[in-house]
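>>> I'll drop the sequence and a predicted model, then ask my questions.
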Amino acid sequence: MQYISTRNIRFVLNEVLDLDKLRSFEQFQDFDAEATEMSLDAAKQLADQYLFPMYREMDKRKAYYKDGEVHVLPEVGESMRAMGESGWLSAAWPYEYNGQQMPLTVLNAGSLVFQAANGNMAAYSFLTTGAANLILAFGSDELKATYLDKMARGEWQGTMALTEPQAGSSLSDISTHYEEVGDGSYRIKGQKIYISGGDHNSTENVVHLLLARKKDGPKGMKGVSLFVVPKHLPTEGGELRDNHVTTAGIYGKMGQKGYVAAHLMFGEQGETRGYLVGEEFRGLNNMFQMMNEARIGTGVMATGTASAAYYASLQYAKERPQGRHPGNKDVNAPQVIIAEHADVRRMLLFQKAVVESSVSLLLQCCFWEDVSKASPDAAERERAHLLLELLTPIAKSFPSEYGNESVSIGMQVLGGAGYTDDFPLEQYFRDIRVNSIYEGTTTIHGLDLLGRKVLMKNGQAVQYLTEEMQKTMAAAMAHDTTKPLAETLGKSLAGVQQVMGHLLGLAKSEDPKVFLADATIFLDYFALHVMAWIMLRDALVATQNLPNAEGSEETNFYRSKIQTVRFYFNYIFPKVSAHKRTLLSTDRVTLNTDADLLI
């Protein structure tokens with residue numbers, strides 16, 4: 001069964017984005033077009049062999065905790081080691097650390113394939129990469145020598161250990177603490193909850209990248225440092241000894257049942273040692289590297305799941321006969337497949353639009369990250385960095401929120417069959433739901449976008465984005481197919497300026513809670529315009545390339561792309577009108593609703 005369109009990924013990589021620009025940078029000069037193609041082919045082969053066949057099995061034979069041990073399918077460890085041996089876990093690393101210096105744009109193109117095949121299994125591997133990246137960026141030479149190779153080979157699991165029972169997203173309130181021992185290590189004591197990949201029996205060690213506060217140190221974020229805290233301490237002889245990281249249990253989850261979320265205790269049953277990563281009290285700043293990677297990664301996971309659900313829905317819709325076209329009353333006439341019905345097409349087009357716009361946005365964000373790190377031009381690096389910062393909340397939240405809706409609609413395509421476990425839609429629906437919670441809820445990202453990102457550098461990031469949009473709209477005006485779409489977006493952008501002016505006025509004159517009360521609504525409003533620009537750009541490229549398409553398959557690909565964009569503008573984008581009305585309203589319903597009225 002198809003679970004993702006590699007043709008669509010190649011469309012974004014080779015026709016929309018300028019990968020030759022990345023290859024002009026010294027860091028990526030060896031990663032030519034042939035290497036990109038080989039990487040995508042290799043990703044699909046790995047996914048087909050190790051990930052996709054186990055997707056439903058991981059749900060049926062879920063992870064469980066018994067006698068102090070977390071049990072997962074042995075294929076979890078096998079897939080991690082296969083990914084490691086193939087070089088995917090360290091692909092973006094420098095050559096001196098046995099990496100390939102693969103552009104993040106190409107790496108996450110591969111990640112889209114892995115996540116669509118089996119996000120529950122792929123997550124173990126790429127969580128390990130994220131943790132190892134922190135050691136690579138901030139760790140001492142000793143930490144790098146001890147941990148990187150094992151993690152890159154998929155032999156040791158890595159995690160991000162932030163959340164605590166009393167803190168949640170408020171990291172300034174964490175209570176897990178540390179004190180210096182005197183031999184270069186630190187005693188760690190406390191607990192962490194909801195730790196993805198936090199413990200399992202398919203790996204010989206788990207390496208936690210953990211935030212802790214100095215005992216009796218500064219309050220708030222200033223007292224927080226970052227540590228490597230392994231489940232087992234490596235010894236000079238190569239053996240592992242218990243570091244007293246205790247798993248209290250794992251959480252029973254609605255979905256992703258094969259992907260562990262653990263409750264961990266540190267220093268409760270013996271002394272737990274940790275090793276400082278980077279400077280003391282710079283923990284949260286350093287951790288933000290992994291958090292931002294994980295936010296893009298969450299968008300990739302949601303997009304992958306939504307993609308797999310779309311293709312499962314599409315297959316069913318093209319095989320299931322039911323009913324006849326309206327007006328045909330002949331009961332002796334054969335039934336038509338449900339894909340022939342307009343409303344089923346509406347649902348499938350919704351799914352397709354969400355998936356394809358999300359793929360384009362995520363790879364664009366990765367492109368900007370590559371530019372921000374590798375370009376020799378300081379001004380170009382800064383521009384790319386600001387654009388990435390501005391759109392990261394959208395890259396995480398849009399695929400997650402609209403992915404939820406997309407998979408729900410996919411279930412509707414199947415009707416009653418979609419609600420049964422005879423088909424994978426019900427699992428995709430359960431699995432994708434958590435992505436709008438992972439790495440900061442949608443509310444957190446709304447607050448981040450409106451309260452920080454649109455204001456940074458005096459609105460410079462918004463100005464850069466506006467320039468990108470205007471460039472696309474100007475080019476789109478030259479084609480009859482895309483001109484009406486460009487005009488629609490252009491008119492609506494004037495409303496964005498009005499809304500932002502209104503909200504920024506509130507920020508200057510009112511309490512911050514007034515300015516930020518509808519930050520989540522603003523996030524969706526802003527995101528819908530960003531995705532309209534992304535979709536318009538895709539339609540423009542498809543329109544330009546359609547005349548030179550060879551064969552019916554390529555012709556239909558471009559025609560399908562254009563039709564999907566038209567659907568987005570006619571069926572999804574109109575939501576901005578309602579959002580605009582809400583954001584400009586002076587009737588502060590939520591602020592003026594006392595908690596006592598919620599009965």
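Great, that's in hand.
>>> hang on, residue 408 packs against residue 429?
Yes: with contact defined as Cβ atoms under 8 Å, residue 408 counts as touching residue 429 (6.2 Å). Heads up, the C-betas are built off the backbone N, CA and C, glycines and all.
>>> what's the burial count for residue 167?
For residue 167, the count of nearby residues is 17 (other Cβ atoms under 10 Å).
>>> who's in contact with the nearest residue to it once chain neighbours are set aside?
Nearest non-adjacent residue to residue 167, counting by Cβ to Cβ, 6 or more residues apart in numbering: residue 173, 4.4 Å away. Counting by Cβ atoms under 8 Å, 6 or more residues apart in numbering, residue 173 makes contact with 164, 166, 167.
>>> quick one: which of these is nearest to residue 209?
Proximity of the contacts of residue 173 to residue 209 (Cβ to Cβ) peaks at residue 164, which lies at 14.9 Å.
>>> residues contacting that closest one?
Contacts of residue 164 by Cβ under 8 Å, 6+ apart are 173, 174, 175, 176, 190, 191, 192, 193.
>>> Looks like residue 453 contacts residue 390 (just checking).
Yes: using Cβ under 8 Å, residue 453 and residue 390 qualify as a contacting pair, with a distance of 5.0 Å.
>>> For the helix or strand hosting residue 558, which residues meet the burial criterion?
According to DSSP states H and E, residue 558 maps onto helix 551-567. Within helix 551-567, the residues scored as buried using 16 or more other Cβ atoms under 10 Å are 557, 558, 560, 561, 562, 563, 564, 565, 566, 567.
>>> Just send the residues you listed back as JSON lines, with distance to residue 42 and pLDDT too.
Shown next, in JSON lines, are those (distance: Cβ to Cβ, whole Å; pLDDT from 0 to 100):
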{"residue": "557", "distance to residue 42": "23", "pLDDT": "98"}
{"residue": "558", "distance to residue 42": "27", "pLDDT": "98"}
{"residue": "560", "distance to residue 42": "27", "pLDDT": "98"}
{"residue": "561", "distance to residue 42": "26", "pLDDT": "98"}
{"residue": "562", "distance to residue 42": "31", "pLDDT": "98"}
{"residue": "563", "distance to residue 42": "32", "pLDDT": "98"}
{"residue": "564", "distance to residue 42": "28", "pLDDT": "98"}
{"residue": "565", "distance to residue 42": "31", "pLDDT": "98"}
{"residue": "566", "distance to residue 42": "35", "pLDDT": "98"}
{"residue": "567", "distance to residue 42": "33", "pLDDT": "98"}
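>>> Including distance to residue 338, could those go into CSV?
Output for the buried residues of helix 551-567, formatted as CSV (distance: Cβ to Cβ, whole Å):
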residue, distance to residue 338
557, 23
558, 26
560, 18
561, 23
562, 24
563, 19
564, 19
565, 24
566, 22
567, 18
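>>> which one of these is nearest residue 257?
Nearest to residue 257 out of the buried residues of helix 551-567 is residue 564 (Cβ to Cβ; 32.4 Å).
>>> need the contact list for the closest one.
Under the criterion of Cβ under 8 Å, 6+ apart, the neighbours of residue 564 are 349, 352, 353, 356, 535.
>>> try residue 152
Contacts of residue 152 (Cβ under 8 Å, 6+ apart): 84, 89, 90, 93, 97, 98, 132.
>>> nearest residue to the last one other than its sequence neighbours?
With Cβ to Cβ, 6+ apart as the criterion, residue 132 has its nearest non-adjacent residue at 4.2 Å, and that residue is residue 151.
>>> Any idea how many residues pack against that neighbour?
26.
>>> quick one, strands of the stretch 51-200 of the chain?
In the stretch 51-200 of the chain, the strands defined using DSSP state E, counting those that start in this stretch lie at 64-66, 69-71, 156-161, 177-180, 186-196.
>>> Summarise which helices and strands the last one is packed against.
Strand 186-196 makes packing contacts with strand 156-161, strand 177-180, strand 205-214, strand 224-230, strand 261-266, strand 272-276 when contacts are defined by 3 or more Cβ pairs under 8 Å, 6 or more residues apart in numbering; DSSP states H and E.
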